[in-house]
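Asker: Generate coordinates for the sequence data below:
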Amino acid sequence: MNSHKYLLALQNRIIQEDLDGELKNYIKGLEGENYFKMILEEHEVKNFIHDINLNIKSRVQIDFLVVTDTTIFHLEIKHYSGDYSIQDGQLLNDYGNMFYSPFQQIQRANYEISHIISHYNIKRALKSFLIFTNPQFTLKTAKPSNFNILMPTELHKLAYMFKDDYSEENSEIINIFKKENKDFSKFYNNINKVPLKHLRPGLKCPRCNKLNHMLVEDNKKTIICQSCHYRGDRQYVYLYNLKELYICKKEPFTLDDAQKWCGVSNNLTIRRVLDKYFKSYNKKPKIYYLSNE
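Answerer: Numbering: from 1, shown residues only. The predicted model follows:
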């Protein structure tokens, strides 16, 4: 899953009060990973892999691996906000809620990474960091001395960490981890998407992403956003929104799903867009559509 596209598709559609704690934490995690990915790209870090799954001895999910000339950096990202403390190796917020220990998470992941380093005889050291990205995060207790932790105010240090003179060799190591990446969707199917019932329907503007600001007039080929004044071809605006439906639903959808998502009914333009830009299959009594991309 492309987490950036998924977050963009969710933007302005989520009914926040409907979400349980697990889904809110999942979305927070996606926001943090995308925020950190933008930081790496700003620093022109090339040899990294994002959101990978390993299953050599046990199943682990890893946020980022960055390969440099001397080191493989394992980076675990947390986008928590508020006041937190560390007690007995556990992370607690000010309300007394305990979070699954990121330190245990890092140790489990390091075991899997080390196995791959050894198996492929990779000449790089392994170094792990727990990175808190949200500017609204505060750690009220001292950092554990046996773990590398970067706070939101220390993210500038990343610019000096990732030396990449042997870029081709580092890229080959990244490809090894890509080859070892596993598909965990069957294990995490219940928590890796926000159900459509928690998302608001309607047309979203392709420019400003405001929802239900598009003025649709009969017999006009263009649709105008009343917020940013974007003027878009009617077919393109529907296509943009239907692609987001597929991203959010993560499975084929029907014409009825498409019309409810766009907030219209008996719309010939939507039918044309589906027939022109989407693949389809017939599963009587309905036709199902899926993305060509």
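Asker: and the helix or strand hosting Ile27, what other elements does it pack with?
Answerer: Assigned by DSSP states H and E, Ile27 belongs to helix 21-42. Contact analysis of helix 21-42 by 3 or more CB pairs under 8 Å, 6 or more residues apart in numbering; DSSP states H and E lists helix 3-10, strand 48-55, strand 59-67, strand 71-78 as its packing neighbours. All C-beta spots, glycine's among them, are computed from the backbone N, C-alpha and C.
Asker: ok, 10 Å please
Answerer: helix 3-10, strand 48-55, strand 59-67, strand 71-78, strand 125-132 (3 or more CB pairs under 10 Å, 6 or more residues apart in numbering; DSSP states H and E).
Asker: can I get the ones you listed in TSV with mean neighbour count and distance to Gly96?
Answerer: Below are those laid out as TSV (neighbours: other CB atoms under 10 Å; distance: least, CB to CB, whole Å):
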stretch	mean neighbour count	distance to Gly96
helix 3-10	17	29
strand 48-55	18	30
strand 59-67	21	26
strand 71-78	21	18
strand 125-132	18	20
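Asker: Mind putting the ones you listed into TSV with distance to Ser265 and mean pLDDT?
Answerer: TSV is the format used below for the helices and strands packed on helix 21-42 (distance: least, CB to CB, whole Å; pLDDT from 0 to 100):
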stretch	distance to Ser265	mean pLDDT
helix 3-10	22	84
strand 48-55	38	91
strand 59-67	41	93
strand 71-78	42	96
strand 125-132	47	96
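Asker: Looking at those, which is nearest to Asn292?
Answerer: For Asn292, the closest of the helices and strands packed on helix 21-42 is helix 3-10, at 14.9 Å, according to CB to CB.
Asker: any idea of the pLDDT on the residue found closest to Pro152 once you drop the neighbours it is linked to in the chain?
Answerer: Leaving aside its chain neighbours, Pro152 sits nearest to Pro135 (4.9 Å; criterion: CB to CB, 6 or more residues apart in numbering). Listed pLDDT for Pro135 reads 93.
Asker: Run a quick neighbour tally on Pro135.
Answerer: Residues lying near Pro135 (other CB atoms under 10 Å) number 11.
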